[in-house]
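>>> Dropping the sequence and predicted coords here.
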2 protein chains.
Amino acid sequence: MKGASGRGEEEEGSCCTADMRASSQLLPDVSATVRGLQSIFQEQEMTENVHDSEGHGYLATFLGKNGRFAILRMHSHGLVTFDLQCLEGDDVVQVDNLLNALEKKLKALLDGKIQRIKRLPVLIRGGDVDRYWPTADGRLMEYDIDEVVYEKDSAYQNIKILHSRQFGNMLILNGDVNLAESDLPYTQAIMGSGKEHYGGKEVLILGGGDGGILHEAVKLKPKMITMVEIDELVIDGCRKHMRKTCGNVLDNLKGDCYEILVQDCVPVLKKFAEQGRTFDYVINDLTAVPISTAPEEDSTWEFLRLILDLSIRVLRPGGKYFTQGNCVNLTDALCEYEKLLCRLSCKVDFSKEVVCVPSYMELWVFYTIWKK
Amino acid sequence: MKGASGRGEEEEGSCCTADMRASSQLLPDVSATVRGLQSIFQEQEMTENVHDSEGHGYLATFLGKNGRFAILRMHSHGLVTFDLQCLEGDDVVQVDNLLNALEKKLKALLDGKIQRIKRLPVLIRGGDVDRYWPTADGRLMEYDIDEVVYEKDSAYQNIKILHSRQFGNMLILNGDVNLAESDLPYTQAIMGSGKEHYGGKEVLILGGGDGGILHEAVKLKPKMITMVEIDELVIDGCRKHMRKTCGNVLDNLKGDCYEILVQDCVPVLKKFAEQGRTFDYVINDLTAVPISTAPEEDSTWEFLRLILDLSIRVLRPGGKYFTQGNCVNLTDALCEYEKLLCRLSCKVDFSKEVVCVPSYMELWVFYTIWKK
């Protein structure tokens, strides 16, 4: 069983929040509670400014030294919220003391009536390094990022490689965490979770610019791997900064058993289909992910369908198509994707697997698809 | 490569924050920027209140309908922060529109000078379900928790079992995420990661009230497992609500090859040591974790040392002691723990492994220790 600790750092434009939830019978005496807290703000030389909330409880702001600014609200149903904004370089100990003093005083004033006290970690705002990268289902996650390693805008997307203390370098495309050096489980899952025999096979990778799949596939001695990645800058960044993921496979666009085409995969797939060229494995590692659940309104679904149809066309009988699906919580989008699979021009079956990818902070669904 | 989506829900006392960071040469014209934004607040019928920040940039609050309250700051170094507090039941679309309008307007006003725009997911405050459980190294994490399944205060700790949509039921002791039904990797790691042969062996589990280790160990046909858990209410809660973790092993305190002692493990260990009773495997699954790095000030370290010393005493020659260590980022605490290992009365060697435990949202270090 694990345990916990605390942390003390704060940065420019940081913001602490603390909430307290009390049973609702306490609040008749808001004014007594407010009076009880005033001594604390006075000690901190913070000036109170009460706002007329028009019947939505007590609402006051407090302005202090060094640009400190606090918001205190007491809601009629018993929720007390306190927010404190501090600037970079503020005295962390003083700020902590203020929060501690407030918590202690409120506990004393509302003796026995408090259901829950919660103090959230500091939100660091406007820092050199952005630590907040939400999950695909929109939840707030704070990463242990301490360095911007690479940042470029390509013709296709914003590319960031950020260093996480525990996950290593992380590739972030248009704000979405794509892959970190810790994420071998992603690569293993999208290659069939070790259940496939790549030896002597022909493999097509769509996307995959971080080089992770190519790196792992090369080790399995296939006959030939063709990788089609549209964005040269992703390859460039990952070749330099994601070596744990890609090894040396991105150092050259051609190797003993692989070739990287820096091209849009759609015309390439069309050409392969026309030529009758086929593969044992097609691995779709493109960024496009179905997030809408209204397919008729969203061309993402049409794009997905196009890629799927073309991929199945270049898949040999007995071959397999692998792709990542979505976060396990986005059940509507997953369901829509599975419906799409049932409507392909070529009949397919599929299986799925839920995988924990370390840097994702959420479980992810992977699909294996094959011709019926 | 994964992709993203958004979400729209908000709850009582929710709070959106949006930051914008611009190059610092923009800010001479704060007043023009402020004037440019005023039409948006007027449209939303929000009343401006400018505060004297005493030289720390522009600071204004805006009070609107339904208890809406916003804080806008423009710092002299180019950071613009905007916070919006809304009450439960507020019109989510309206709130989103306000944020979108502000973002659009600021982009127009600061044309080309914006380095970064970041809008964070809503912080839900005072909800029935608390979704925020920081990592051991103090980072903010929002879980997909949708139900409080069990909550009790025992003589030893606050016990919560919360339901996570993706991780299943999660045991939280004194505010620390301990184990979720998704966390078989934790149990496997603390049992030696599948490299040990438990068949016919004698096993001692310290703590382990969630039943995860016992459940897995029983399957391996050991001669006898003795588990010593102090908190009956943890066992009760997990027996009912963590069935994926414990199976049926907590239904009775005695089974074919195991016995659960609901006792403090220290006197039990002392008794075993006095009796000369020994084990092939000792698995320390207690909650106490070294979080301080000043051992002389913290009795946690003395407790850890006591447990370690006693455990090594009851360990057979060739036996192994397993324990979880700490979050991989708390390097000082890990280092202190390893120093402690070097100072035990009996000389030991150790190895460690870093493991991704799904519900932890951070990598965790596990130790294997044996007599030299």
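Sure, I can see it.
>>> in the stretch 1-150 of chain A, which ranges drop under the pLDDT threshold?
Low-confidence regions of the stretch 1-150 of chain A, defined by pLDDT under 70, span residues A:1-18, A:20-28.
>>> Let me see the ranges of the helices in it.
A:30-43, A:92-109 (DSSP state H, counting those that start in this stretch).
>>> Same list (the ones you listed) but as TSV, adding mean neighbour count and distance to chain B.
Every C-beta, even on glycine, is put in place using the N, C-alpha and C of the backbone. TSV is the format used below for the helices of the stretch 1-150 of chain A (neighbours: other Cβ atoms under 10 Å in any protein chain shown; distance: least, Cβ to the nearest Cβ, whole Å):
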stretch	mean neighbour count	distance to chain B
helix A:30-43	15	15
helix A:92-109	16	13
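>>> Can you verify my assumption that A:Arg277 contacts A:Arg316?
No: between A:Arg277 and A:Arg316 there is no contact under Cβ atoms under 8 Å: 10.1 Å.
>>> which stretches of the stretch 251-372 of chain A form strands?
Assigned by DSSP state E, counting those that start in this stretch, the stretch 251-372 of chain A shows strands spanning A:258-261, A:279-285, A:315-327, A:348-356, A:363-371.
>>> Tabulate the ones you listed (TSV), appending distance to B:Asn178 and mean pLDDT.
Putting the strands of the stretch 251-372 of chain A into TSV (distance: least, Cβ to Cβ, whole Å; pLDDT from 0 to 100) gives the following:
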stretch	distance to B:Asn178	mean pLDDT
strand A:258-261	45	98
strand A:279-285	35	98
strand A:315-327	24	96
strand A:348-356	17	97
strand A:363-371	19	97
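>>> Can you say which of those is packed in most?
Most buried of the strands of the stretch 251-372 of chain A, by mean neighbour count (mean count of other Cβ atoms under 10 Å in any protein chain shown): strand A:279-285, with a mean of 24.
>>> does any bit of that strand sit next to chain B?
Yes: for strand A:279-285, a contact with chain B is found by Cβ under 8 Å from any Cβ of the partner chain, at A:Asp285.
>>> Name the residues that touch that strand?
Strand A:279-285 has contacts (Cβ atoms under 8 Å, 6 or more residues apart in numbering or on different chains) with A:190-192, A:196, A:198, A:201-208, A:213, A:226, A:307-308, A:311, A:314-316, A:318-324, B:1.
>>> who does that strand pair up with?
Here strand A:279-285 is paired, per DSSP bridges, with strand A:202-207 (parallel), strand A:315-327 (parallel).
>>> Disregarding flanking residues, what is the spatial nearest neighbour of the residue nearest in space to the middle of chain A?
Geometric centre of chain A, nearest residue: A:Thr135, 3.8 Å, by Cα atoms, centre = their mean. Leaving aside its sequence neighbours, A:Thr135 sits nearest to A:Glu362 (Cβ to Cβ, 6 or more residues apart in numbering or on different chains; 4.5 Å).
>>> Can you tell me how far the one you found is from A:Trp133?
Distance of A:Glu362 to A:Trp133, given as Cβ to Cβ, to the nearest Å: 11 Å.
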